[in-house]
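Asker: Okay, here's the prediction I keep looking at, along with the sequence it came from:
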Amino acid sequence: MNPDQHRAANSNRRFFLRATGVSLALPLLESLGGRVFAQSSAVGALPGKPVTGKRPMRMVCIGNLLGFYPQAFFPTKTGAGYDLPVSVEALKPHQKDLTLFSGLDHGVKGGHFAMSSFLSGVRTADAKGMPEGNLTVDQRAAEAMGGATRFASLTLGSESGIHGGCLMSWTRSGTRVPPISTPRELFRKLFISDGAADLAASLDRFDLKGSILDAVRGDAKSLELHLGTRDQEKLDEFFTSVRDVEQQIELRRKWAAVPKPDPRIPEPASKPAYRVRRREGYPLSNGRRRTEQCAEASELAP
């Protein structure tokens with residue numbers, strides 16, 4: 001790439017990120033299409049009931065630990081009517097409905113071990129110095145859309161290998177999101193409802209967690225008058241986290257009483273995740289979207 005092409009690529013990349021960054025930074029405004037999520041994400045929303053007749057948008061992030069061969073993945077032409085390279089030619093029937101972007105590398109190095117920064121652009125070692133830590137884009141979307149579906153987010157992947165398991169999704173607090181590692185586990189989570197005894201036990205656990213949060217808040221409140229300005233700011237962040245957890249508990253309580261849908265497919269056998277993820281995991285992931293059970297999914301392919 002010559003210098004002029006390099007400058008043009010950087011300019012286009014900055015324009016793309018600036019344009020999308022505006023929408024990512026704004027709150028979920030009704031005037032920007034957030035009415036469905038804003039209403040159904042409220043704690044008082046009724047789980048299992050659509051807010052409007054229009055199906056909400058869904059987000060899927062797929063990370064390939066071994067990467068892609070660029071010449072077989074990115075088209076050589078721009079605009080409509082481009083030829084799909086071999087790695088994505090299976091998408092041919094949907095070509096008019098999709099857009100492929102290139103030149104969005106966030107620059108983090110480290111080979112396969114850089115997967116932890118794939119959806120954030122932030123290395124875990126640098127997370128503490130960033131305004132939002134290493135919060136990944138999938139979990140950011142889940143924060144905005146949580147409540148509209150039974151699961152705000154699902155992470156699929158393997159816990160084996162030299163990389164320490166699936167490191168693709170990270171929360172705002174810098175906590176790794178553990179993956180669902182087998183199709184059978186995913187199937188049970190999506191389609192197998194709790195029996196009466198298990199449901200009662202779940203509700204008891206929600207009550208216990210609520211009581212613990214009340215006690216923690218009370219202890220923190222007693223310290224508030226004795227703290228300096230910087231410590232009070234940290235305490236405010238803590239209270240915000242507590243409120244977030246309370247909302248999550250309340251939403252899980254309400255969804256616990258909503259029956260799970262009939263998948264109309266048999267339960268998968270228990271097999272090693274690596275061998276069956278693409279053959280059975282992807283169809284199941286599509287099933288959770290078709291049954292409107294999840295707003296966002298992140299999948300790490302081997």
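Answerer: Good, I have the coordinates. Numbering: from 1, shown residues only.
Asker: Determine how far the last residue of stretch 124-136 lies from the first.
Answerer: From its first residue to its last, stretch 124-136 covers 11 Å (Cα to Cα, to the nearest Å).
Asker: Next: stretch 159-170.
Answerer: Using Cα to Cα, the two ends of stretch 159-170 sit 15 Å apart.
Asker: average model confidence for stretch 118-135?
Answerer: Stretch 118-135 shows a mean pLDDT of 89.
Asker: Quick check: buried residues in that stretch?
Answerer: Within stretch 118-135, the residues scored as buried using 16 or more other Cβ atoms under 10 Å are 118-123, 127, 133-135. Yep, even glycine has a C-beta here, placed from its N, CA and C like the rest.
Asker: Give me the contacts around it.
Answerer: Taking contacts as Cβ atoms under 8 Å, 6 or more residues apart in numbering, the residues outside stretch 118-135 that touch it are 61, 63, 106-108, 110, 114, 116-117, 136-138, 140, 167-174, 298.
Asker: one more time with 6 Å
Answerer: For stretch 118-135, contacts defined as Cβ atoms under 6 Å, 6 or more residues apart in numbering pick out 61, 63, 106, 116-117, 136-138, 168, 170, 172, 174.
Asker: so of the residues you listed, which ones are in strands?
Answerer: The strands, defined by DSSP state E, take in 61, 63 from those.
Asker: Which entries within the contacts of stretch 118-135 meet the buried criterion?
Answerer: 61, 63, 116-117, 136-138, 168, 170, 172.
Asker: In the residues you listed, find the pair that's most separated.
Answerer: For the buried ones among the contacts of stretch 118-135, the maximum inter-member distance is 19.5 Å, found between Gly63 and Arg172 (Cβ to Cβ).
Asker: Mind jotting down where the helices sit in this structure?
Answerer: In the chain, the helices defined using DSSP state H lie at 3-25, 35-40, 137-145, 183-191, 196-223, 229-256, 273-276, 282-290.
Asker: Ser158 versus the closest residue to Ala72 other than its chain neighbours, what's the distance?
Answerer: Leaving out its chain neighbours, the residue that sits closest to Ala72 by Cβ to Cβ, 6 or more residues apart in numbering is Ser87, at 4.5 Å. Shown here: Ser87 relative to Ser158, a distance of 21 Å by Cβ to Cβ, to the nearest Å.
Asker: Same check on Ala256?
Answerer: The gap separating Ala256 from Ser158 is 29 Å, by Cβ to Cβ.
Asker: hmm, back to that, quick check: the residue nearest to Ala72 vs Asp244, distance?
Answerer: 39 Å.
Asker: Tabulate the contacts of stretch 118-135 (JSON lines), appending distance to Phe73.
Answerer: Converted to JSON lines, the contacts of stretch 118-135 look like this (distance: Cβ to Cβ, whole Å):
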{"residue": "Cys61", "distance to Phe73": "16"}
{"residue": "Gly63", "distance to Phe73": "14"}
{"residue": "His106", "distance to Phe73": "17"}
{"residue": "Ser116", "distance to Phe73": "22"}
{"residue": "Ser117", "distance to Phe73": "20"}
{"residue": "Thr136", "distance to Phe73": "22"}
{"residue": "Val137", "distance to Phe73": "20"}
{"residue": "Asp138", "distance to Phe73": "21"}
{"residue": "Met168", "distance to Phe73": "19"}
{"residue": "Trp170", "distance to Phe73": "25"}
{"residue": "Arg172", "distance to Phe73": "31"}
{"residue": "Gly174", "distance to Phe73": "31"}
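Asker: right, and the pair among the contacts of stretch 118-135 with maximum separation?
Answerer: Across the contacts of stretch 118-135 (Cβ to Cβ), the longest gap, 19.5 Å, separates Gly63 and Arg172.
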